[in-house]
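S.K.: Give me the fold of what follows.
(2 chains)
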Amino acid sequence: DGGITQSPKYLFRKEGQNVTLSCEQNLNHDAMYWYRQDPGQGLRLIYYSQIVNDFQKGDIAEGYSVSREKKESFPLTVTSAQKNPTAFYLCASSADSGRANYGYTFGSGTRLTVV
Amino acid sequence: AQSVTQLGSHVSVSEGALVLLRCNYSSSVPPYLFWYVQYPNQGLQLLLKYTTGATLVKGINGFEAEFKKSETSFHLTKPSAHMSDAAEYFCAVSPNTGNQFYFGTGTSLTVIP
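M.R.: Predicted coordinates for the structure are as follows:
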């Protein structure tokens, strides 16, 4: 079955450490997105990519970095510059980078905790 | 700019009662409209969407929503709540050009036995 796979499901980070969250899709979708979810704040866009080798900052990109070397993969690195990284991270994809009427397909999320 | 308002961060209903979750948007032109459901520690699942055509949209699990342009609303309803409906619900909008989504802050639905 096609879908989006996020790994790991749970991740613990020490202070000052960089960690990378994986997002892989086999839907042949052009566009991919990373969202951060905090209680009571909904979803906030971190980065998005509409095509391979190109990505754009979202609303809260500081302290995060991404790459899009393959259509299927869009990993997110949470750097030590992100002062409050504890959150639930969601990856999503959509079929057409130019139109939103298809909606997004979401992965099952990664819960990151700073220890 | 787009924005989405979900009235009520927490809604409680009795099992078998009507579910009504409110969503209003601000946009100069009618956008695409979506409702998503999220169960604990899981991703978001599409419930239903409105793009064009009939303004009453039916989705999965017995949910439906009606697009009312004059009220800039897209409220989600279900005639009879089931225990399995307990989850977080997100309304989202997107302009009908471009691929950016704007999510509401979510409504947590509790179903009381």
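
S.K.: contacts, neighbours, all on C-alpha from now
M.R.: Noted.

S.K.: part of a strand, is residue A:20?
M.R.: Yes. Using DSSP: H, G, I helix; E, B strand; the rest coil, the assignment for residue A:20 is a strand.

S.K.: what number of residues lie near residue 13?
M.R.: If you meant another chain, say so; for now it's chain A. Residues lying near residue A:13 (other CA atoms under 10 Å in any protein chain shown) number 16.

S.K.: You answered for a different chain; I wanted chain B.
M.R.: Neighbour tally, residue B:13, other CA under 10 Å: 19.

S.K.: surely it meets residue B:85?
M.R.: No. In this structure residue B:13 lies outside contact range of residue B:85 using CA atoms under 8 Å: 10.3 Å.

S.K.: Return the set of residues that bridge with the residue positioned nearest the centre of chain B.
M.R.: By CA atoms, centre = their mean, the mean C-alpha position of chain B lies nearest to residue B:35, the distance being 3.6 Å. According to DSSP bridges, the residues that bridge with residue B:35 are residue B:48, residue B:91.

S.K.: what do residue B:13 and residue B:85 both touch?
M.R.: Contact criterion CA atoms under 8 Å, 6 or more residues apart in numbering or on different chains; residues bridging residue B:13 and residue B:85 by contacting each: B:109-111.

S.K.: Without its sequence neighbours, what residue ends up closest to residue 60?
M.R.: Defaulting to chain A. Counting by CA to CA, 6 or more residues apart in numbering or on different chains, residue A:60 lies nearest to residue A:46, which is 5.0 Å off, once chain neighbours are set aside.

S.K.: Switch to chain B, please.
M.R.: The shortest distance from residue B:60 to any non-neighbouring residue, by CA to CA, 6+ apart, is to residue B:47 (5.6 Å).

S.K.: so the one you found touches residue B:59, yeah?
M.R.: Yes. Judged on CA under 8 Å, residue B:47 makes contact with residue B:59 at a distance of 5.3 Å.

S.K.: Settle it for me: which of these two has more neighbours?
M.R.: The neighbour count for residue B:47 versus residue B:59, taken as other CA under 10 Å, is higher for residue B:47 (22 against 15).

S.K.: Tell me which residues touch that one, please.
M.R.: For residue B:47, the contacting residues are B:34-37, B:59-61, B:63, by CA under 8 Å, 6+ apart.

S.K.: quick one: it and residue A:20, what's the gap?
M.R.: From residue B:47 across to residue A:20, the span is 30 Å (CA to CA, to the nearest Å).

S.K.: Can you tell me which residues in chain B are near chain A?
M.R.: Counting by CA under 8 Å from any CA of the partner chain, the residues of chain B lying close to chain A are B:9, B:32, B:34, B:41-46, B:49, B:51, B:90, B:94-101, B:103-106.
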